[in-house]
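Novice: The following comprises the amino acid sequence and a computationally predicted model.
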Amino acid sequence: MKKILITGALGQIGSELTMALRNHYKDRDIIATDIRMPSEPALRDSGPFEFLDCTDPNHITRVMQRFDIGTIYHLGALLSAVSEMKPNTAWQINVNGLYHILEAARQYKCALFFPSSIGAFGPTTPKVDTPQDTIQRPDTMYGITKVTGELLCDYYFKKFAVDTRGLRFPGLISYQTEPGGGTTDYAVEIFYEAVKHKHYTCYLRENTSLDMMYMPDALRAMVELMEADGNRLVHRNAFNVTAMSFTPAQLGREIQKHLPQFGMEYSVDPVRQGIADSWPDNLDDSAARREWGWKPKYTLEAMTKDMIARISERIGLPQEQKAR
C-alpha cells in the first residue's frame with residue numbers, strides 16, 4: 001500500500017496530523033518530514049522521519065524516490081504574522097515550496113492536500129457568511145501566497161489531473177502545540193495564561209470576531225476530504241470550513257465560567273489587528289457540507305471545557321487548583 005508524506009510535520013497542524021494519521025492508518029507508513037529533527041518522543045519514535053526542505057527540489061526528489069508515496073499533505077509554510085515580517089521568505093516557502101511539491105505530485109502521480117486559510121480573503125470580501133466563491137483580494141503577503149496556492153492547485157488538477165484538494169482553515173485551537181506566529185494564536189495563548197496565571201493580555205480588540213475551529217475537528221476534516229469520493233467534489237480546493245465564531249471578549253467570558261478568577265486586558269498589536277480586520281467574521285461552509293458531508297463536532301462551550309481540562313493535565317496543575 002502506498003505511503004503518506006507530510007511536509008512541515010513539526011508545525012502547528014503537522015505534529016498532530018502525523019500522530020492522527022498514524023493512528024488512523026495503522027497499516028500504512030506515514031512519512032513525517034521537516035527542516036528540523038523532532039524532539040517529541042511520540043512523534044520521533046512512532047514512524048519514519050526524513051529531513052526535507054520543500055524549497056529544494058533535490059530534497060523532494062530524494063524522499064519521493066526512497067518511498068512509494070501515494071498522498072502528500074503539504075503543510076510546510078510560514079503563518080500570517082511571521083509572513084508580514086518576512087515577506088520574501090514567505091513567498092519562497094509558501095509559493096515556491098508548493099510549486100515544487102505539486103511538481104513532485106504530478107511526476108509521481110500523488111494526491112495532494114493543501115491548507116488554505118481565511119487569510120486568502122481581504123477587506124473587500126463580504127465579512128458575514130463569506131461565500132465559498134467570492135472576491136479574494138488579500139492585502140497581506142500570507143493571504144497573497146494562499147490565493148496563489150489555491151490557484152496553483154486548481155491549475156494542476158485541470159492541466160495535469162493531479163488529485164489536489166484543500167480547505168480554507170479558520171483559526172485553529174490546540175492544547176498540544178505552541179503558537180507559531182498566527183494572527184489567531186491569541187485563542188491558544190489565552191487558555192495557557194488562564195490556567196497558569198488567571199490573566200491574559202490580548203493583542204486583538206475585544207470585539208474582533210473571527211472564525212475558529214478546535215484541532216480535532218480540523219484533523220478530521222483533512223482526512224474526510226482526502227477520503228471523499230472525488231466525483232462528488234465540485235470545488236475540490238479551498239473549501240470553506242468552520243466550527244464557531246467568537247470575539248476575545250466572548251471567549252474570555254466562556255473561560256470565566258470554568259475559572260471565575262480569570263481576568264483580561266487588551267494591548268492591541270496594530271499589525272495583527274490589521275490582519276484580523278481584513279478577514280471574515282464567519283464563513284459559509286455549505287459547499288463542504290454538501291459535497292463531502294462536513295460537520296463540526298466541537299462548539300465554543302465544548303472546546304473551552306476540553307481545552308482547560310487538557311492544559312491543566314498537561315502542565316501538571318494540582319487538583320485543588322483546577323477549574324471547577
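Specialist: In hand now; what should we look at? Residues are numbered from 1 along each chain as shown.
Novice: all contacts plus neighbour counts: C-alpha atoms, from now on.
Specialist: Noted.
Novice: for the stretch 1-150 of the chain, what are the low-confidence residue spans?
Specialist: The stretch 1-150 of the chain contains no residues with pLDDT under 70.
Novice: Export the host helix or strand of Gly97 to PDB, keeping only CA atoms.
Specialist: Per DSSP states H and E, Gly97 falls inside helix 97-108. Below are the C-alpha coordinates for helix 97-108, written out as PDB (Å, rounded to 0.1, in the frame of the first residue of the first chain):
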ATOM      1  CA  GLY A  97       7.700  25.300  -1.900                       C
ATOM      2  CA  LEU A  98       4.200  24.400  -3.000                       C
ATOM      3  CA  TYR A  99       5.200  24.500  -6.700                       C
ATOM      4  CA  HIS A 100       8.000  22.000  -6.100                       C
ATOM      5  CA  ILE A 101       5.600  19.700  -4.200                       C
ATOM      6  CA  LEU A 102       3.000  20.000  -7.000                       C
ATOM      7  CA  GLU A 103       5.600  19.000  -9.500                       C
ATOM      8  CA  ALA A 104       6.500  16.000  -7.400                       C
ATOM      9  CA  ALA A 105       2.800  15.100  -7.100                       C
ATOM     10  CA  ARG A 106       2.500  15.300 -10.900                       C
ATOM     11  CA  GLN A 107       5.600  13.300 -11.600                       C
ATOM     12  CA  TYR A 108       5.000  10.600  -9.100                       C
END
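Novice: And it, what does it pack against?
Specialist: For helix 97-108, the packing partners by 3 or more CA pairs under 8 Å, 6 or more residues apart in numbering; DSSP states H and E come out as helix 57-66, strand 69-74, strand 111-117, helix 141-160.
Novice: what sits up against the shortest one?
Specialist: The contact list for strand 69-74 (CA atoms under 8 Å, 6 or more residues apart in numbering) reads 2-8, 98, 101, 105, 108-115.
Novice: Could you do the third one as well?
Specialist: By CA under 8 Å, 6+ apart, the surrounding residues in contact with strand 111-117 are 70-75, 102, 105, 143, 146-147, 149-150, 153, 162-170, 222, 226, 237-238.
Novice: Can you check the distance spanned by stretch 119-138, start to finish?
Specialist: End-to-end distance for stretch 119-138: 7 Å, by CA to CA, to the nearest Å.
Novice: Can you flag the buried ones in the contacts of strand 69-74?
Specialist: Buried subset of the contacts of strand 69-74 (neighbour count, 16 or more other CA atoms under 10 Å): 3-8, 98, 101, 105, 108-115.
Novice: What residue spans form the domains of this structure?
Specialist: Using automatic domain parsing, the domain ranges for the chain come out as 3-170+213-240, 172-211+243-282+298-321.
Novice: quick one: contacts for Gly149?
Specialist: Gly149 sits next to Asn94, Val95, Leu98, Phe114, Ser116 when contact means CA under 8 Å, 6+ apart.
Novice: From Ser116, how far off is it?
Specialist: Using CA to CA, we find Gly149 at a distance of 7 Å from Ser116.
Novice: for this protein, what spans make up the strands?
Specialist: Counting by DSSP state E, the segments of the chain that form strands are 3-7, 30-34, 49-51, 69-74, 111-117, 164-169, 171-173, 199-202, 210-214, 239-240, 244-246, 263-266.
Novice: Indicate which one of the ones you listed is closest to Pro280.
Specialist: Of all the strands of the chain, strand 210-214 sits nearest to Pro280, with 6.6 Å by CA to CA.
Novice: And for that closest one, what's in contact with it?
Specialist: Residues from elsewhere that reach strand 210-214 (CA under 8 Å, 6+ apart): 169-174, 242-247, 276, 279-283, 298, 303.
Novice: Let me see the contact set for the closest residue to Arg106 other than its chain neighbours.
Specialist: Closest residue in space to Arg106, ignoring its immediate chain neighbours: Val162 at 5.9 Å, by CA to CA, 6 or more residues apart in numbering. By CA under 8 Å, 6+ apart, Val162 lies in contact with Ala105, Arg106, Lys109, Cys110, Ala111, Leu112, Tyr156.
Novice: give me that answer again for 7 Å
Specialist: Neighbour list for Val162: Ala105, Arg106, Lys109, Cys110, Ala111, Tyr156 [criterion: CA atoms under 7 Å, 6 or more residues apart in numbering].
Novice: Tell me the buried residues in stretch 239-256?
Specialist: 239-252, 254-256.
Novice: since we're on the residue lying closest to Ala90 once chain neighbours are set aside, how many residues are nearby?
Specialist: Excluding the flanking residues, the one nearest Ala90 by CA to CA, 6+ apart is Ser83, at 5.1 Å. For Ser83, the neighbour count with other CA atoms under 10 Å is 23.
Novice: pretty sure Ser83 contacts Ile144?
Specialist: No. Ser83 lies out of contact with Ile144 (CA atoms under 7 Å); the separation is 10.3 Å.
Novice: Mind checking which of the buried residues of stretch 239-256 land in helices?
Specialist: Members of these lying in helices (criterion: DSSP state H): Pro248, Ala249, Gln250, Leu251, Gly252, Glu254, Ile255, Gln256.
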